[in-house]
Each structure stands twice: as structure tokens, then as C-alpha cells.
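Participant: Fold the following and give me the result.
(3 chains)
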Amino acid sequence: MVEQLRQKAKELLKNKEVEVIIGYQKSNNNSFTTPCFIESEDGVDRLTWDEHCVYNLSLYLKEVKGKVGVVAKGCDVKSIVALMQENQIERDRVKIIGLECQMQVDEKGQVLEKCRTCQVHIPGMYDELVRSKTSASKIESKESDKEYSVLEELEAKSTSERWQFWQRQFEKCIRCYACRQVCPLCYCSECITEKSVPQWIFPSPSLKGNTTWNIVRAFHLAGRCIDCGECERVCPVNIPLRRLNKKMEKEIQTMFNYVPGLDSKKKPPLVDFRVDDPQEFIR
Amino acid sequence: MARIGVFVCHCGTNISATVDVKKVAEIAKGFPGVKFTTDYRYMCSEPGQDLIQKMVKEHNLTRIVVAACSPSLHEKTFRTCTQNAGLNPYFFEMANIREQCSWVHDDREEATLKAIDIVKLAAAKVGKNNPLQTTFIPVEKRVLIIGGGISGIQAAIDVAFNGFETVIVEREPSIGGRMAMFDKTFPTLDCAACILTPKMVEVNQSDLIKLYTYSEVEEVSGYVGNFKVKIRRKARLVDENKCNGCGTCWQRCPVRLPSEFDMNLGKRKAIYVPFPQAVPNVPVIDQEHCLYINKKKCGICKKVCPFEAIDYEQKDEVIEEKFGAIIVATGFTMFDHSIYGEYGYGKYKNVTTGLHFERMLNSSGPTGGKIVRPSDGKEAKKVVFIQCVGSRDEARGMPYCSRLCCMYTAKQALLLKEHNPEAEAYVFYIDIRAAGKNYEEFVERVQDEYGATYLRGRVSKIFQRNGRLMVRGCDTLSGTQIEIDADLVVLATALIARPDAIKLAQMLHIPYDQNRLFTEAHPKLAPVETVTTGVFLTGACQSPKDIPDTVATASAASVKACGLLSHEKLPIDPQIARVDVEICSGCLACQEVCPFGAIEKEEIVDRVTQQKRWVAKIAPSLCNGCGACNTACRPGAIDLDGFTEEQIFGQIESLTADKGDER
Amino acid sequence: MKDNRSIKERDLGSKPAREKVKIAAFLCKWCSYAGADLAGGSRKKYPPNVIVIRTPCSARTNPLFVWKSLEKGLDGVLVSGCHPGECHYSEGNYHTRRNFAVFRKLLEYIGIEPERFHMSWVSAAEGDKWAEVVKDVVKVVESAGPNTYFSKKKEDNG
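Facilitator: Below you'll find the model as predicted:
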């Protein structure tokens, strides 16, 4: 697979279809990977692909100008779709080298939670596709029906227990904003949290401010988050952010039958409506 | 720093009876930025307004809060007053302590505390008001009138008289509406056609009035001064420009159908004008029943037409036109009495309604002016009139009084006697409501001079005995049970809103009440206006009205519409949205939610990176200031003047006596 | 016991300050605000716990205003707009409905009692309904009691 990937990258650079390719390379200790930016044909040998390639490289698409190639897994392509929906990148500027994905693993070698229920091992959109030797059917998720099982434990709790739970989590927040920086969809040049007139969110770490920040973050990603799980991965204090995002995803799928990142022509659900949307909660 | 003045109104005792206004003024002194407070008996009065202007000078105030009634009543008054005091008119907020406080609470202490909160809220907002300048948009000098009954006709004539172009859109093939169906009008007994026809002709001949009959309004967009309206012109299958109404086609058409205009008592053809005086005098082809359209047979009308005006291929056409104002004159329909078991569930042929009776009275009507029993066509001599059928009946009909039934029933009883002095008229009524010029006298005359028998009471049952209709009821005045064997029963059915009234209301964004009648902007002070500026009401679409009232509201609505059109430009509310391009990330969520298409994307060069990027741009003339974009904007790049984020946050904070820091 | 009134205001009353919930209501000026005015015009009585913030359209009410109100210590929030299909701006209330359909789920998930957030459609002609909505909402918010989410006591425990 890696050879195939390098070959495709080489061709794109050679034919001047792209000026730069964003991909993965081995890190210094060889067991992890880091992002790399390759601008010449002879650089393509740095490209690698294995189960440690967890980063969502679409994060860099907005920053890199000109024609750009990007190595993307199925989940990463979903965020590219979402970015296109929101006018952040033009499709004709980007060449997507899609990768048929294995189960990706964390630092301890554990299969990522999101991969266990993933349904896009083959990306939904690409210009070039690198297939895996392991056939797709074999790595087809066994647990796709359990997509929202991660929520069950918390949903079963009482309101006050949930409050206690999240308060303990938010209390840990140090407001480093790593979750925001790593999120491909938190692309605003100036985040609402930086606004001082009026002040939406108290800026330094405090229970109230932390709670507000996390509510704002979750709501601003509602209907947009494509579940790459990067926010949770980078959180230095291990707040289970994916459980917030996933909850929003679930509710929106249930109410509006919408799954983010699948169709760039669709309107995101929170700027759309149907005349017969649910309203049983309204008097 | 803003220097706020708070003026608390007593509104006579409307506020001061429940709210301790002095206390409110005293406490308000302690609110942030408040430099002066006082209370006064009537703030909206001239001395009240003078007081504001005087205090602005004396205390160097820069912001005004008036705690009084609802802003829908006096916001404008005090904005002007604020401006007259030398301040920006938007440096003003109203604290609604009457409609939303003193009138709804009994406990003086509770009400006073709430009033304090409301004032606090207003003071928190006013301090953060931006100075706004009113901008202007050009006005499309045309009026759309929806409905071509007497109300629409009168409105069109008045608008045209003022020199403005107007378009009547009428659903039926002819204008004239309900009035064209009537025989004579109360209380003067003018023949309806004699007074209506000249008006219809005037409409037809006016250069300033355009008629779209057999047409319906499909879509309304835009706003005051600039409405864009899509009108469906249904296919008549007759070319209006070629036809001269000679009538050869409908004389020769072989298909005979019940005439809707004659309440199915008479016949019409498949190609027809609804009545002889129709305007325009151009027939339509009833596509459902035309032999040519359905079976490709016949085609006589096309063969005999001397002007080649028949066009079987004609299709519906949707046109779009622009208007500065809209007058709604869609009228009413009749209550369906078949839900009343006691009146025979609509099954007895000889139980009819007032409109049927009108057609029979009319000498050009289906019976040639004879009052007959629909069952066998024999003359009806004994007629029972029943009032309040569907009116004043909250359980099964409408809760309201239909207002004109008492009068037209009296008129019909009188005309019955005039047609046949031998005839007997019985009227069952609950109350006689004859409040109008010469109305009471008229009803008296019908009883005294014409000998109509008035019976105060309800009819409990109508049934058939030996082929005759029996009406059983009680006369509550004499306390006797009465049975009348009647030839004919005439029900005064309620006037109700048209079934599709809601659809039109939604198109125009005007509210309607629980009875689907359109709601005026203010029941007393803005009776022909609606909350949608530029949309006016006339006639029975608002509430049941007789002809004089209908004509009066039609003239009133047209004056209002012409008033708008007399301006070259109209001021637009400067409380609209604006984008901070420094913060905008160009996601254009705002564009997706904007109902007015007011947002476009614009390429700019970033101040810092010197790179090109997309941002949202709002067209002020298209923005209506709803704030949907504001909410959709995640980084807070959009704000809405008059309702800014800072103001709303300030209001929220003012409500919470938050102690300590933000943590 | 929490009381949102300042000491000076509390002194105003002869009665001792009792637990009284305070609710912010964001009302569309075209329908619900006018409906509330109509309730006044027809002298319908309802409890004084609801303070109205007037907005041009319910769509102006950012769901985060609701959170802000709760964060600042208000006991409940009501958002009210025009009935579907009757928005003065055509579609604003449809967006409001979606926004809050999602946001209320987030609030509940984060542990906010559902009793604290309410939404209603009240038209300009529905003065009676407004009075009923207020009575109802106040009752439900009272059942949840005063907002203690960030009160000192809880914070100490946390």
C-alpha cells in the first residue's frame, strides 16, 4: 500500500496537478507518525501509511494555498466534505488520495473507539484510491449498529448525576484550546471565546467558564462534527469530548435524518429546516 | 459613558394603581448609568414629552428610558421626542410596565418589583444603543387589491382617484363578489345591481385600474414599497382581447350545469359569464364539464365565435408584478348549516339560506323574482326566517355575532311581502341587533307596516309532515310552543372566513384570529392596518361587515395605501444586521438562513495576511432585521443593531444580581 | 436560599423574601410579545416571575442566550415565537425550532433539568394562551427550584 501511495503522490507532483502533498511520515522513534508536507517528487519516499496514521490531515487544507494533495482516510474525507459545504475549500483545488483504512490504533496499540463502528473504510470521495490488501469486507465493522453505544452509560444516568459527571470533567479543563486547534471544523479565524464585548465565555479556567466553553464548542459543532475524534485524543486532561459530539450527532440523526460529511451538496442541518420538523417540546 | 434618564408613567391609574411608580423611579436611581429619574401622570402627553426634553437639557442626559405602555403603542412617539430633545432617536428604550405588568398582576408589591426589573432591563439595554440613521428606499407606486367584491372595487376606485395605478386580482371570472348576488340593500332598498354596476363599469374603464379576473395570488415576497407578487392567471380558454362578449358561444353551448352564482337554483352553460352584468364581459370555459376538453367532441363555441376568441390550448400563466402596497379584500363565505340536525342536516330542499332567497328575489335571477319552493317550484306563501344559524354558537358554530343577519332578514321579510302581500313572514330571533343609521327604524317598519311576525326564541326542530315542512319552536315572550307549517325556511347563516384564509395570511405574514379572520394592527387605532407594514385590510375578511362598513373600510385602506405611495422614498428601519469582516470566516451559514436573500459572498483582501478570502456581505436594503443570520454566526461576526449581542447580554445580566466574579 | 433581588429591592417588601423563581422570556415582537400585550389589554392575570426580553424574531434568540441566562443564575428560560408558517420573516421560527430541538438535548445531556427550558408558539391573537403558558412555565420551573448550578456550595463539593 505504501508503495502505491508514493507512486500516486509522485505522479500528482510530476504532472503538476498539485504543488504540495500533505501526508504522514514516520516519527523519529519509528513507532508513531507525524504530518509531512511534500513539495518535490523525490520527497515522496517519506510518505508512509500504517495503523498509526490517526491524524486528520484535512486540518491543514485551509492554510495551505494553491493546488494541494492530501492523504485521507474515510473519516478525514468526511471533514473535507464538511469544509466544502461551508465554503472553506474549493474542490478543484484539492486532490484527495483516499486510503482504504485498517483499524487505526492509539499509542497503546488499542483499536480506536471510532474505528470499531466506522462505516467508511473506503472514503466516500477521492481522486485517487489506494486499496488495502485486506479486502474491505474483512475489515467491515462488526459493531456498526453500536455506533452510539458509547453514550448509553451516561444517558442512563439521572440529570443530576450527569451534571456531576460533566462538572468533574469540565473542572479539569485548562482552557488550552487544543480541542479547538486540532478540529478541522473549528476554522474560525477569531473564535467566539476571544470576544470580549460582550464576553461570551470567561477566558481563564473556572468551572463556570469551562462549562460554558464546552457547551459552546459542542453546540457550534452540532450537525458539523464528523467524528474524527481528534479533540478527545489531544485533550491533555482527558475530557471525553467525543461523548459530547457523538450525542449531538445522534440527536441530529434521529430528528433530522442527517449524518455530517457525506454529501457536500446538502445544507448543514442547523441552517436548514423542514416544515414538519419535530416540535413536541413546544407548547 | 451614557447618562440615562428614566421616566416612569402613571398612565392615569392604569399603572399607578398596581405599581408603586414613585418607588420604581426611586430604585431606578441606583441602576448603572442612571442620572435622573422621575414619575409623571401621562408621559405621552405634551407636558410629559416636554418634561423629557427639559430634563435632557437640565441633566445633560444622553439616553432615555420611558417606563409606560407597550412599545407597539408609543415607541414611535418617544423616539420622536428623543430626537426632538436633540438625541439620536435610537437612544431610547421603552419599559413595558403596563400591558406586561400593571394590567396582569394584582399584588402591588410583586408588580412593583417586576416593574423595577423591567426598567432595569431597559436601562441596561439603552446604555448600549448605537446611534442609528434612517435610510430610505424607493417606492413602487402601484397597489395590489386581492379580491374584487364591493370592497376591492371601492378601494380600486379610490386609489385610482388619487392617481395611482392599481391591480385587482379576482378569483372568479367576474368582479362584483357577493353584492352582485343581492337583490336590494337595506335599509334604503336600493337595488344592489343599480348601485354596484356603475362602480364595476368605472373599474373596467379606468386607465389606472388593471383587472386580473379568474386569477389568484400565488406568492408574495418583498416588503412595504417593494412587494413582489406572483399571480396565476387561470386559463379561461377565451382570449380576453378578442372577445367582445356578444354571447353567441354561451347561447349555443349544449352543456347545462347548475349556476354557482344562482346558488344552484338556476342553470349556466359550460362556457359562461356568471351573470349578465359581468365585468369583464368575457366568458370562461368550465374545463371540468366542457365536451371538447373532455371528449374532443362539440367545439361549437369555437365554430360560432365571430372573433376567433376561443382558444382550447390556452394554459395557466404565472406573472410577477411589483407593488408598493397590498389591500386584502377577500371577503367571506357562508357557514354550512348542514351540521345542525334540528334544521334537517341540509337535507330538506325547502330549507334554504339567505343567499338562496336573495337570488329568488332578484328579477333577473333563476326564478324571475318569484319566491318559490325549490322542491316543486310552486310559490312559497308562508316563509319562516331563522336568525343566528352558526352565529353566537360557540359549541357548533362561530362565537361571534355576524352583525348583518338581523338586517338582511328584516329586509327579506319586507321584500317577501312586497312581492306577495298575501305571503306570511315569521322571524325567529335571539336578539335584534339593529345598530346603524336608520336600521332600528327599518326593523320596526318591517314589523309594523309589513306585518312580519317576530318570534323571540329558538327553533328546536324542522321536520316534514304530510309533505309540508313543520317548524317547531318557542316564543319565549309569550311562553308558548309554536308550530308553523312552512313553504320555505330561510336560514340566516353566519358569515365566516374563507377556507383558504390561512394560506393567504401566511403569504402576507399577517396574523389571524381563532376564527381565521385577519387581525388588524390595533383594534381601535389601526383598524385597517396589519402588523405587516404596507398590507391593509378591508371588508369582511377581517370581520363580518355590511356594505356601508365595507365601503368605509375600503376607502380607509386606500387612503392608507395612497399615503404610503405619496412618498418618493420610504424610511427603512435601520435596525438591521451588519458583518464584521475581520471576524467573518466566510462559512456563509448566514446566507443559508437569510429569508430575504440579503447576504452575498464578497472577496476581500485580508488585512493581516494580505491574502484574498471570502466573507459575507449584507445588502441593507434587503435586510429586514430578523436576526437569524446573527444566531447562525458562530464567531459572532454578525450583529443586529437595536438588538445587539452586547445589549441582550446586558439585559440578561441585569436580571441577575450576580455577586462576585464571573467564575 | 437564593434571591435574585438586590438587598435594597428586598427591603421594599414587607413580606420576607421567599423563594421566588425568576424566568427570562425571549419573545418575538410580532407575535408572542404582542400576545403578551393582548393578555394585558384583556386583563388576564398571571404570575409575575417572567421578565420579557423583546426580540425581532425568535430566530434572533441564540440558544447560547438561554445558556447564558442559566449560567448567570436565572431559574428558567422561555423562548416564544410565531406558529410555524406564520413567521413575519417567513422562516425564522423554523430555524428557531431546529436550533432548540438540538440545544435542549445538549442541556439535558450536560445535566440541566429539562424543567428549566421552555418553548412556545403564541400568536398576537393568543393573549389567553400567553397567560396560560406563563402560569404553566412558572409552575414547572418552581418544581425544579432555584438555580444552584454554580452556587458556592456545589462548587465546594465539586
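Participant: At which residues are the helices of chain C located?
Facilitator: Using DSSP state H, the helices of chain C run over C:7-12, C:32-41, C:63-71, C:92-110, C:127-144, C:152-157.
Participant: tell me the most buried of those helices?
Facilitator: For the helices of chain C, the largest average neighbour count (mean count of other Cβ atoms under 10 Å in any protein chain shown) is found in helix C:32-41, namely a mean of 26. C-beta here means a position set from N, CA and C on the backbone, and glycine is covered the same way.
Participant: pLDDT of it, averaged?
Facilitator: Averaged across helix C:32-41, pLDDT comes to 96.
Participant: next one: stretch B:161-168
Facilitator: Stretch B:161-168 comes out at a mean pLDDT of 97.
Participant: Just the C-alphas of it, formatted as CSV.
Facilitator: In CSV, the C-alpha atoms belonging to stretch B:161-168 read as follows (Å, rounded to 0.1, in the frame of the first residue of the first chain):
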residue,chain,number,x,y,z
PHE,B,161,-58.9,58.7,-8.0
ASN,B,162,-55.7,59.5,-6.1
GLY,B,163,-53.8,59.0,-9.3
PHE,B,164,-52.1,55.6,-8.5
GLU,B,165,-52.1,52.5,-10.6
THR,B,166,-53.9,49.5,-9.1
VAL,B,167,-54.5,45.9,-9.9
ILE,B,168,-57.4,43.9,-8.8
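Participant: For B:Ala637, which of the helices of chain C is the nearest?
Facilitator: Across these, B:Ala637 has its closest neighbour in helix C:63-71 (14.8 Å, Cβ to Cβ).
Participant: The closest one and chain A in contact?
Facilitator: Yes: Helix C:63-71 reaches chain A (Cβ under 8 Å from any Cβ of the partner chain) through C:63-64, C:67-68, C:71.
Participant: is it possible to export these to TSV including pLDDT?
Facilitator: As requested, the residues of helix C:63-71 next to chain A are exported to TSV (pLDDT from 0 to 100):
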residue	pLDDT
C:Pro63	96
C:Leu64	95
C:Trp67	96
C:Lys68	95
C:Glu71	94
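Participant: which two in those residues are spaced the farthest apart?
Facilitator: Among those, C:Pro63 and C:Glu71 lie farthest apart (Cβ to Cβ), at 12.6 Å.
Participant: give me the number of residues near B:Gln464?
Facilitator: By other Cβ atoms under 10 Å in any protein chain shown, 12 other residues sit near B:Gln464.
Participant: helix/strand/coil for it?
Facilitator: strand (DSSP: H, G, I helix; E, B strand; the rest coil).
Participant: same question, B:Gly451
Facilitator: Under three-state DSSP, B:Gly451 falls in the coil class.
Participant: mind listing what the spatially closest residue to it that is not a sequence neighbour touches?
Facilitator: For B:Gly451, ignoring the flanking residues on the chain, the nearest one in space by Cβ to Cβ, 6 or more residues apart in numbering or on different chains is B:Lys417 at 7.0 Å. Going by Cβ atoms under 8 Å, 6 or more residues apart in numbering or on different chains, B:Lys417 touches B:423, B:425, B:450-452.
Participant: thinking again about what came up before, how about the helices of chain C in TSV, adding distance to chain B?
Facilitator: Compiled in TSV, those are given as follows (distance: least, Cβ to the nearest Cβ, whole Å):
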stretch	distance to chain B
helix C:7-12	6
helix C:32-41	3
helix C:63-71	5
helix C:92-110	5
helix C:127-144	7
helix C:152-157	8
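Participant: what's the least confident stretch among these?
Facilitator: helix C:152-157 (a mean of 45).
Participant: what bridges to B:Glu216?
Facilitator: Beta-bridge pairing for B:Glu216 (DSSP bridges): B:Arg232.
Participant: Against chain C, how distant is it?
Facilitator: Distance, B:Glu216 to chain C, using Cβ to the nearest Cβ, to the nearest Å: 19 Å.
Participant: Touching, that residue and B:Val229? I think so.
Facilitator: No: counting by Cβ atoms under 8 Å, B:Glu216 does not reach B:Val229; the two are 10.9 Å apart.
Participant: So between these two, which is more surrounded?
Facilitator: B:Val229 (22 against 18).
Participant: Excluding chain neighbours, what is closest to that one?
Facilitator: B:Val220 (5.3 Å).
Participant: So for that neighbour, what's the pLDDT?
Facilitator: Value for B:Val220, per-residue pLDDT: 92.
Participant: is it true that it touches B:Ala505?
Facilitator: No: contact criterion Cβ under 8 Å: B:Val220 and B:Ala505 do not qualify, at 10.8 Å.
Participant: Outline the domain layout of chain B.
Facilitator: B:4-132, B:333-496, B:577-641 (automatic domain parsing).
Participant: Out of these, which is closest to A:Arg224?
Facilitator: Here domain B:577-641 is closest among the domains of chain B (Cβ to Cβ), at 9.4 Å.
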